[in-house]
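Asker: Return atomic coordinates for the entry below.
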Amino acid sequence: QVQLVESGGGLVQPGGSLRLSCAASAVTLDYYAIGWFRQAPGKEREGVSCIRYWDRSTTYADSVKGRFTVSRDNAEKMVYLQMNDLKPEDTAVYFCAARGGGRCPMDYGVDYWGKGTLVTVAN
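Answerer: Numbering: from 1, shown residues only. Next up, the predicted model:
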């Protein structure tokens, strides 16, 4: 069983930055791919990024490429999403998610979800 807790959301102006954190309670994160998803009001949940465990390779949605960076610290059981140049359309509840094995949750499904953290981008 893996429990995921997101933090770091808040209100930020357009063009600003936030770093989201995802803390995992698990014996180890070593064999989990971790994804970030978001759900804007009235919209479906969408995959934002993923980081695999064996080579730390990453995948990003086109809408966030060049602005968001995902990273992980397996020793600390933490995953981060650095978000730069934020836009109003980035406003959403952001979730982290884990999938056992090497494949990204955004492509192959989620085993565990966090409860989310709200990011609001507005003046």
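
Asker: For the spatially most central residue of the chain, which three-state class applies?
Answerer: Nearest to the mean C-alpha position of the chain, counting by CA atoms, centre = their mean, stands W36 at 2.5 Å. Judged by DSSP: H, G, I helix; E, B strand; the rest coil, the three-state class of W36 is strand.

Asker: any idea which helix or strand of this protein has the worst average confidence?
Answerer: Least confident helix or strand, the chain: helix 105-108 with a mean of 90, by mean pLDDT, DSSP states H and E.

Asker: Can you point out the buried residues in stretch 54-69?
Answerer: For stretch 54-69, a neighbour-count test (16 or more other CB atoms under 10 Å) marks T59, Y60, A61, V64, F68, T69 as buried. The way it works is simple: take the backbone N, C-alpha and C, and place the C-beta from them, glycine included.

Asker: Hmm, the fourth one is touching S49, no?
Answerer: Yes - checked against CB atoms under 8 Å, the pair V64 and S49 is within contact range at 6.7 Å.

Asker: which other helices and strands contact the least confident helix or strand of the chain?
Answerer: If you count contacts as 3 or more CB pairs under 8 Å, 6 or more residues apart in numbering; DSSP states H and E, helix 105-108 packs onto strand 32-39, strand 46-51, strand 92-100.

Asker: re earlier: mind listing what the residue nearest to the centre of the chain touches?
Answerer: 20, 22, 47-50, 68, 70, 79, 81, 94-97 (CB atoms under 8 Å, 6 or more residues apart in numbering).

Asker: Kindly recompute the last result at 6 Å.
Answerer: Contact analysis of W36 by CB atoms under 6 Å, 6 or more residues apart in numbering lists V48, S49, L81, C96.

Asker: ok, of the residues you listed, which one's closest to T117?
Answerer: C96 (8.9 Å; CB to CB).

Asker: how far away is the closest one from G15?
Answerer: Per CB to CB, to the nearest Å, C96 is found 24 Å from G15.

Asker: More neighbours: the two, which one.
Answerer: Shown here are C96 and G15; by other CB atoms under 10 Å, C96 has more neighbours (30 against 10).
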